[in-house]
Structure formats: structure tokens, C-alpha cells
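>>> The following comprises the amino acid sequence and a computationally predicted model.
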Amino acid sequence: MFDGLKDKLSSFREDVEESTDAEEPAESEAGTEADAAAEPESATADEATGSVDSTPATDSTDDEETADADDSAEPSTFQRAKAFATGRIIIEEEDLEEPLWDLEMALLESDVEMSVAERILETVRETMLGESRKQVETTGELVERALHDALLDVIAVGQFDFEERVAEAEKPLTIVFTGVNGVGKTTTIAKLSEWLEDRGYSSVLANGDTYRAGANEQIAEHADRLDRELISHDQGGDPAAVIYDGVEYARANDVDVVLGDTAGRLHTSDDLMAQLEKIDRVVDPDMTLFVDEAVAGQDAVNRAKEFNEAAEIDGAVLTKADADSSGGAAISVAYVTGKPILFLGTGQGYDDLARFDPEALVDSLLGEE
Ligand SMILES: Nc1nc2c(ncn2[C@@H]2O[C@H](COP(=O)(O)OP(=O)(O)OP(=O)(O)O)[C@@H](O)[C@H]2O)c(=O)[nH]1
């Protein structure tokens, strides 16, 4: 999952290390002034070895203050020599220029949305330049932290505890699913029904896709396999009425959650969007989840934005993440819509639904797990 993106993030780390290595003065140049730092064993410390000095030297702080007082944005040769000698680093704007440009290209190639890529770059730049004055870690570690914070900042937008929301909701809880055709909406409903069952919540399926021929049969197959009740009307019926009946059924039978399918639609299809508005009015669902496929990349991001503008969503599910190498949609959807990704579809089986965990995703992208 997201292997292409992982490789690109790893290249950025290497690029910055290379460009700061190139900037570091030769040991002979570091010379006797560097010895004043009184940490001789650190003099050969190289961030490539992963050694960390987590305690900033007090005299280094003095130098920083002096540099600040001089209003000099660039560290002096002496500062750099000493920083190098103490195994610390100073990162300058020019060290980052090329790696950041490459990172931007890599993110855009990975289908990360433009505003999201810019936000990531901004956070990385701020972290690396700002923190370099503290000189507390190796280049590799600093890049790692900068990327970690920058990615989490965009990926975790709007996250909430879905399970807690289900637990605390007045029952029945009604969830309506929207999105375009063929992205795996119906399969996701079946998977979520299983996910809920595993956590002790009963659910009923309601087929609000009265538009497409064969939709009833398709969802009925899932309902049969999972042994769930399915509420459906004939093709051409009123989707709001089907989901309403689903809610009535749940009330009468003590079912915890109503999972309402809707016809796949384009946000530009006025009729179908009007249907969604009617569902909102008649059923007043507790949650509307937008479903799209991770593999659709930028298209999925654009659709998420457009659906959210046309009929506000509470969160998103990205299917087929198992087949997605780019990761662009997974990184961009929450930041662009302001609504969290709640689940990833990770295969065709009913158990292949994973709660979206921003922290775990970032760790995996950075190869930390
Ligand atoms: N690899 C993989 N395949 C998936 C995933 N989710 C769904 N699929 C497959 O995608 C195909 C389409 O899924 P459906 O649920 O039938 O989607 P649909 O009915 O075409 O489209 P909707 O109108 O969105 O319901 C099926 O073959 C699913 O098994 C996933 O997370 N990973």
C-alpha cells in the first residue's frame, strides 16, 4: 500500500542529507575552533551514523544569540564548524531548495492535491529551518520529524473516534453512503455491517439505489451472505422512502445501525443530488459518508470536494487502498474537504476494512513500522 509514495519520501530524506553533507566544512576546516566545543568524540559524529546529541551545548546557544543579534540569517563559518564538530547540524534555506522542489514534484506525481502539497512543504520548511537553530538532532532525524509533522497535519484533519460515535449515538444510528458508480460503495456497506457486527452492533441494509438495474440483486447477495435484513423497493422507487423504511424497521426490531446505499451519481447530476437532499430532509441521517477509490487519486480528491460542497459529508471511505501505490487521495481528502477519512478498503473480503489511523499511516509512509 502506497509504496510509490514511501519511496519518494525516502528520497527526500536522502536528498537533504546529501545536500547538508555537501555544506559541511571539512574536518580540517573545522579545525581548532571546533575543539572549543569540548566534545572531541563527537567531532567525527556524522548524522549518517544516526548518532544524536539531545542536549544543546550552552555555548552554542550563546552563538545563536549572537547570530540573532547580528540579525544574520545565515550561520557563520565558525558556527557551522562548531555545530559540525559537536555532531549537530545547521540547515540553511539553500540546502533545502532543491530537495523541497523534488519533494513537491514527487508529491504532485503521487496525486497529492496542490494545496496539500504546498501545506506539506511549508510545514517541512518551517520545521527544518526553525528547529535547526536548536541543533539537537541529526539531519536524518530532523527530516523524519519534519515529514512526520507535515504529513500528520494534513492527514489527521477532522479525525474523530468513529466507534465512540457509534457507541454514544441514540439508536438507530443512520448512515447514508454517497459517491459515484463502481467505486465499491455497496461492498463497503457490507464490510461496515460486518465491522459493526464484530463490535456488537446489529445493522440493517437499506437500498436507496433505486436507479440502477440490478442494484437490488447486488446488495441482496451481500445481505444473504452476511445474514442481514435488507429493505428495498422496486427499481424507480423513492430512495428516501426506502431508507425511511430502513429506519422504521430498525426502530421496531431494536437494530442499532441503518446502512443506507444510494445511487452512484455525479455531483453534477441535479436529479440525483435532489434525491440526496430529499433523503436528508426525510430521514435526517446521523452521518453521510462519501465513498471513493484510493486508486482514483486526484479524481477522488476532486469528487470528495465537490460532493462535500453539494451535500455535506461527515467523512470518507477510500476503497481499493490495497491496489494504490500513490497514496495521493489518502493524504489529500481530509485536508481538502475538512472531513476525516474514516476507513480504508483493503481488499475484496468482508474483513478487508481498516479503521483509518493517521498516525499509523504516517509511520508506515516513513518506514517507521
Ligand atoms: N481490491 C479491492 N477491491 C474492492 C474493494 N472494495 C470493493 N472492491 C471491489 O470493487 C468492485 C466494485 O465494488 P462494488 O461494491 O460492487 O461497487 P459497485 O456496485 O460497482 O459500485 P457502487 O455503485 O459504488 O456500489 C467489486 O469487485 C469489489 O469486490 C477494496 O477495498 N479493495
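Happy to help now that I have it.
>>> going forward, measure contacts and count neighbours with C-alpha atoms only.
Will do.
>>> which residues of the stretch 1-150 of the chain score low on pLDDT?
Where the stretch 1-150 of the chain drops to pLDDT under 70, the residues are 21-89, 130-137.
>>> er, the stretch 201-350 of the chain actually
Within the stretch 201-350 of the chain, the stretches with pLDDT under 70 are 267-268.
>>> Pull the residues that contact stretch 103-123.
Residues from elsewhere that reach stretch 103-123 (CA atoms under 8 Å, 6 or more residues apart in numbering): 4-5, 8-9, 12, 100, 146-147, 149-151, 154, 297-298, 301, 326-329, 331-332, 335-336.
>>> Sort out which residues of it are buried, please.
Going by neighbour count (16 or more other CA atoms under 10 Å), the buried part of stretch 103-123 is 103-104, 106-108, 110-113, 116-117, 119-121, 123.
>>> List the contacts of the most centrally placed residue in the chain.
Against the mean C-alpha coordinate of the chain, by CA atoms, centre = their mean, the closest residue is residue 155 at 3.0 Å. By CA under 8 Å, 6+ apart, the contact list for residue 155 reads 330, 331, 332, 333, 334, 335, 358.
>>> Next, the buried residues of stretch 144-160.
In stretch 144-160, counting by 16+ other CA under 10 Å, buried: 144-159.
>>> Just those: which are in helices?
144, 145, 146, 147, 148, 149, 150, 151, 152, 153, 154, 155 (DSSP state H).
>>> Identify the residue spatially nearest to the fifth one, adjacent ones excluded.
Taking CA to CA, 6 or more residues apart in numbering, and ignoring the residues beside it in sequence, residue 148 has residue 362 as its nearest neighbour in space, at 6.3 Å.
>>> residues near the one you found, how many?
Using other CA atoms under 10 Å, residue 362 has 22 neighbouring residues.
>>> and the protein, which of its residues are near the ligand?
The chain has residues 181-187, 264, 319-322, 345-348 near the ligand, with proximity defined as CA under 6 Å from any ligand atom.
>>> ok, which pair from those is furthest apart?
Spatial extent of the residues of the chain next to the ligand (CA to CA) is set by the pair 264 and 322 at 22.1 Å.
>>> More neighbours: those two, which one.
Neighbour count, other CA under 10 Å: between residue 264 and residue 322, residue 264 has more, with 21 against 16.
>>> Three-state assignment for that one, please.
Following DSSP: H, G, I helix; E, B strand; the rest coil, we place residue 264 in the coil state.
>>> Now do the helices in the stretch 51-200 of the chain.
Counting by DSSP state H, counting those that start in this stretch, the segments of the stretch 51-200 of the chain that form helices are 58-69, 77-85, 93-109, 114-132, 139-155, 162-168, 185-198.
>>> relative to helix 139-155, how tilted is the fourth one?
Which is helix 114-132. Computed by axes from the mean of the first three to the mean of the last three CA atoms, to 10 degrees, the angle separating helix 114-132 from helix 139-155 equals 140 degrees.
>>> Provide the angle between the direction of helix 114-132 and the direction of helix 93-109.
Computed by the same axes, to 10 degrees, the angle separating helix 114-132 from helix 93-109 equals 150 degrees.
>>> Run the chain-centre distance for helix 114-132.
From the chain centre to the centre of helix 114-132 is a distance of 16 Å (CA atoms, centre = their mean, to the nearest Å).
>>> give the contact list for the nearest residue to residue 265 once chain neighbours are set aside.
For residue 265, ignoring the flanking residues on the chain, the nearest one in space by CA to CA, 6+ apart is residue 180 at 4.7 Å. Applying CA under 8 Å, 6+ apart to residue 180 gives the contacts 263, 264, 265, 266, 291, 292.
>>> Surely the last one forms part of a strand?
Yes - assessed by three-state DSSP, residue 292 belongs to a strand.
>>> Surely it touches residue 183?
Yes - between residue 292 and residue 183 there is a contact under CA atoms under 8 Å: 5.4 Å.
>>> so what sits against both of those two?
Listed as contacting both residue 292 and residue 183 by CA under 8 Å, 6+ apart are residue 319.
>>> Pick out whichever of these two has more residues nearby.
Higher neighbour count among residue 292 and residue 183: residue 292, with 29 against 20, using other CA under 10 Å.
>>> and that one, what does it touch?
By CA under 8 Å, 6+ apart, the contact set of residue 292 is 179, 180, 183, 184, 185, 300, 304, 316, 317, 318, 319.
>>> So what does the third one look like in phi/psi?
It refers to residue 183. Backbone torsions of residue 183, given as degrees, to the nearest 10, read phi -90, psi -10.
>>> List the contacts of it.
For residue 183, the contact set (CA under 8 Å, 6+ apart) comprises 291, 292, 293, 319.
>>> between the buried residues of stretch 144-160, which is closest to residue 17?
Nearest to residue 17 among the buried residues of stretch 144-160, with distances taken as CA to CA, is residue 144, at 11.1 Å.
>>> The closest one: what's it in contact with?
Applying CA under 8 Å, 6+ apart, we find residue 144 in contact with 13, 366.
>>> Domain ranges for the protein, per the record?
3-155, 162-358 (automatic domain parsing).
>>> Deepest-packed of the ones you listed, please.
A comparison of those by mean neighbour count, using mean count of other CA atoms under 10 Å, puts domain 162-358 on top with a mean of 20.
>>> chain center to it: distance?
19 Å.
>>> can you give me the strands for the chain?
Assigned by DSSP state E, the chain shows strands spanning 173-178, 203-208, 230-231, 257-262, 287-293, 315-319, 341-345, 353-355.
>>> can you put those strands in TSV and add distance to residue 243?
Output for the strands of the chain, formatted as TSV (distance: least, CA to CA, whole Å):
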stretch	distance to residue 243
strand 173-178	9
strand 203-208	5
strand 230-231	8
strand 257-262	6
strand 287-293	13
strand 315-319	19
strand 341-345	22
strand 353-355	23
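>>> Just tell me which of the ones you listed ends up closest to residue 93.
Residue 93 sits nearest to strand 341-345 of all the strands of the chain, at 33.9 Å, using CA to CA.
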